[in-house]
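Trainee: Attaching a predicted model along with its sequence, questions to come.
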Amino acid sequence: MRKTLEDEYSSLDAIAIATGIREKYFSVREITSIAVNKAKKVNPKVNAIVACEYEKAIARADTINIKSSNLAGVPFLIKDLTPYHGLPVRYGSRTTSSDSNVQDAEIVKHYIKAGLNILGKTNTPERGLTITTEPKSSGPCHNPWNLDYSTGGSSGGAAAAVAAGIVPAAHATDGGGSIRIPSSCCGLFGLKPSRGLTITQHNLAECWSGLSVGNVVSRTVRDSAAFLDLIRRHTSSLFPLPLPINNDTKSRNYFYDNLNNKFGEIKIAVVKTHPTGEKIQPEVLSAIDSMANQCSELGHHIEEIEHPVDHSPVADAASRIIGTHIYQSVHEQFKNFESDLDASQLELGTKIMAKRGRKVSADEYVRARDTMTLAEITMQKFHNKYDILLSPVLTSPPVKLGWLNMDCHNTKEYAERFTQYSGFCALYNATGAASMSVPAAVSADKLPIGALFSACNGKDLLLLQLASQLEHAFPWNLVAPI
């Protein structure tokens, strides 16, 4: 029996959908209706979408200019840390306004200009502060691979929506692993772009002094390349990063057009130890070995090393800086900060970060910035010898929901589990380097495992090219069973 468009939809990536629209195999309205029906069917199971405008999206479909970009007409979702007009921005919190009269963030303006059809907003932990998506405000997001398990965070709703086949790609942000961790947990591809490469969010605080950047989670590498082109900085930026100087950098589709260009042998350093000595599960180490072997088969040089940077002071510095921004974003709600904060419905982890941020002095803030700058210099020197560093994304496959609870009063246990589970990603937010999670394996329990590849700041194209090379040579073809 011939498959219908409804049957095929969840296996199509964004480029395939947009191409089908331009070539008139189907219309924007048809594809939007299918996406909406898929969302209505699947979202009650995964809780990926926390605010929607399905009927508006269907009505808007006929007005979209299908020539506005190579992704025009594609159904899309925005993470609920980012303002989008017509829907409230709740930041995963019980304390924020339900006012939907908000101004689009700059990144959203670019998505709309490109002809993406936004269906709604995705689930996120409060203020994006943890690596699982289980906010008290909207409830936990469930992994499409196994509904009892975490999607990762903080872009867990985005990852769940893509893995469940609701949309082919979804907006995500990454301030400490929040694109790469959910990608690993949900069997997706996710690139954290270099600091300064893409347009920023609404203001400096929203990107945590450059720690956080936006992009997408996607099923295919070419989709991530195409979406990166949409938000690539063409004008001034708070953190300007010049692109490599050649004739292609002014191309509208620079990353997409150059994705499959040959790039020769590269040197890849492999790290298989945790930055603070935590145990890495054998299935994860096996996945990293397999990924290293695949890279070797493709002709790249592989060398196992110890990590060149002490992560602990860098993580502490980033935590101080994030804390100041959390304090800045919530303190105006409270007349008497300490007592009113304690009595509020903010989750405990957010309260702790806000209190810590309030106590950070100017001297401590500058020292924290200096610590991150030193790490950046160290990694730049490291990349004079090695093009890319390969490591785990997490120490284990996805954990069960409830295992990492940001509202837990046992704060020591929470901190220990956070460190035990993660620890690899945040360095590259501090240094501003490009970093990506690539699907590497599926565990014995049928849960995805990702591999983390990181390069020097500005080497986003090299990472995308390597990922595309791996995708073509060793197709991951991961489809969640939901």
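Mentor: Cool, got the structure. Numbers count the residues shown, from 1 in each chain.

Trainee: Which parts of the stretch 201-350 of the chain are strands?
Mentor: 213-218, 267-270, 301-304 (DSSP state E, counting those that start in this stretch).

Trainee: Which of these sits closest to A317?
Mentor: strand 213-218 (17.8 Å; Cβ to Cβ). Placement of C-beta: from N, CA and C, glycine included.

Trainee: Which strands or helices does that closest one pack on?
Mentor: Contacts defined by 3 or more Cβ pairs under 8 Å, 6 or more residues apart in numbering; DSSP states H and E place strand 213-218 against helix 156-163, strand 169-174, helix 180-186, strand 189-192, helix 221-231.

Trainee: How far off centre is it?
Mentor: Distance of strand 213-218 from its chain centroid, counting by Cα atoms, centre = their mean, to the nearest Å, is 5 Å.

Trainee: Direction included, what does it pair up with?
Mentor: Paired neighbours of strand 213-218 in the sheet (DSSP bridges): strand 169-174 (antiparallel), strand 189-192 (antiparallel).

Trainee: For R90, find the nearest of the ones you listed.
Mentor: Closest among the strands paired with strand 213-218, once you apply Cβ to Cβ, is strand 169-174, at 14.8 Å.

Trainee: OK, contacts around A169?
Mentor: Applying Cβ atoms under 8 Å, 6 or more residues apart in numbering, one finds that A169 lies in contact with 13-14, 74, 76, 162, 216-219, 223-224, 227.

Trainee: and it, what pLDDT?
Mentor: On the pLDDT scale, A169 is placed at 99.

Trainee: With adjacent residues omitted, what lies nearest to the residue nearest in space to the middle of the chain?
Mentor: Nearest residue to the geometric centre of the chain (Cα atoms, centre = their mean): I179, 1.6 Å. Sequence neighbours aside, G190 is the residue nearest to I179 in space, at 4.2 Å (criterion: Cβ to Cβ, 6 or more residues apart in numbering).

Trainee: Dump the helices and strands packed on strand 213-218 to JSON lines, plus distance to G402.
Mentor: What follows is the helices and strands packed on strand 213-218, written out as JSON lines (distance: least, Cβ to Cβ, whole Å):
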{"stretch": "helix 156-163", "distance to G402": "14"}
{"stretch": "strand 169-174", "distance to G402": "23"}
{"stretch": "helix 180-186", "distance to G402": "15"}
{"stretch": "strand 189-192", "distance to G402": "24"}
{"stretch": "helix 221-231", "distance to G402": "31"}
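
Trainee: coming back round to it: could you measure from the residue nearest to the centre of the chain over to N457?
Mentor: I179 sits 16 Å away from N457, going by Cβ to Cβ, to the nearest Å.

Trainee: ok so, going back, of the helices and strands packed on strand 213-218, give the one that comes closest to I482.
Mentor: Closest approach to I482 among the helices and strands packed on strand 213-218 (Cβ to Cβ): helix 156-163, 7.9 Å.

Trainee: burial measure for E338, as a count.
Mentor: Neighbours of E338 under the rule other Cβ atoms under 10 Å: 11.

Trainee: so which of the contacts of A169 comes closest to I131?
Mentor: I131 lies nearest to V217 out of the contacts of A169, by Cβ to Cβ, at 14.3 Å.

Trainee: That closest one and A158 touch, don't they?
Mentor: Yes - judged on Cβ atoms under 8 Å, V217 makes contact with A158 at a distance of 5.2 Å.

Trainee: Who has more neighbours out of those two?
Mentor: Each of V217 and A158 has its neighbours counted (other Cβ under 10 Å); A158 has more, 38 against 35.

Trainee: just checking, N101 is part of a strand?
Mentor: No - judged by DSSP: H, G, I helix; E, B strand; the rest coil, N101 forms no part of a strand; its state is coil.

Trainee: Would you mind measuring from it to A51?
Mentor: 14 Å.

Trainee: Same question for M379.
Mentor: From M379 over to A51 the distance is 38 Å, taken as Cβ to Cβ.

Trainee: likewise R60?
Mentor: 16 Å.

Trainee: More neighbours: which of those two?
Mentor: Legend: neighbour count by other Cβ under 10 Å for R60 and A51, higher for A51 (21 against 16).

Trainee: counting contacts, what elements does the least confident helix or strand in the chain by mean pLDDT pack onto?
Mentor: The helix or strand of the chain with the poorest confidence is helix 337-343; it has a mean of 88 (mean pLDDT, DSSP states H and E). Helices and strands touching helix 337-343, as assessed by 3+ Cβ pairs under 8 Å, 6+ apart, comprise helix 348-359.

Trainee: May I see the buried residues of the helix or strand following the helix it packs on?
Mentor: Moving toward the C-terminus from helix 348-359, the next helix or strand (DSSP states H and E) is helix 362-382. Across helix 362-382, burial judged by 16 or more other Cβ atoms under 10 Å covers 365, 368-369, 371-372, 374-376, 379, 382.

Trainee: As JSON lines, these with pLDDT and distance to Y9 would be great.
Mentor: Converted to JSON lines, these look like this (pLDDT from 0 to 100; distance: Cβ to Cβ, whole Å):
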{"residue": "Y365", "pLDDT": "97", "distance to Y9": "48"}
{"residue": "A368", "pLDDT": "98", "distance to Y9": "46"}
{"residue": "R369", "pLDDT": "96", "distance to Y9": "46"}
{"residue": "T371", "pLDDT": "98", "distance to Y9": "47"}
{"residue": "M372", "pLDDT": "97", "distance to Y9": "43"}
{"residue": "L374", "pLDDT": "97", "distance to Y9": "48"}
{"residue": "A375", "pLDDT": "97", "distance to Y9": "43"}
{"residue": "E376", "pLDDT": "96", "distance to Y9": "42"}
{"residue": "M379", "pLDDT": "97", "distance to Y9": "41"}
{"residue": "F382", "pLDDT": "98", "distance to Y9": "43"}
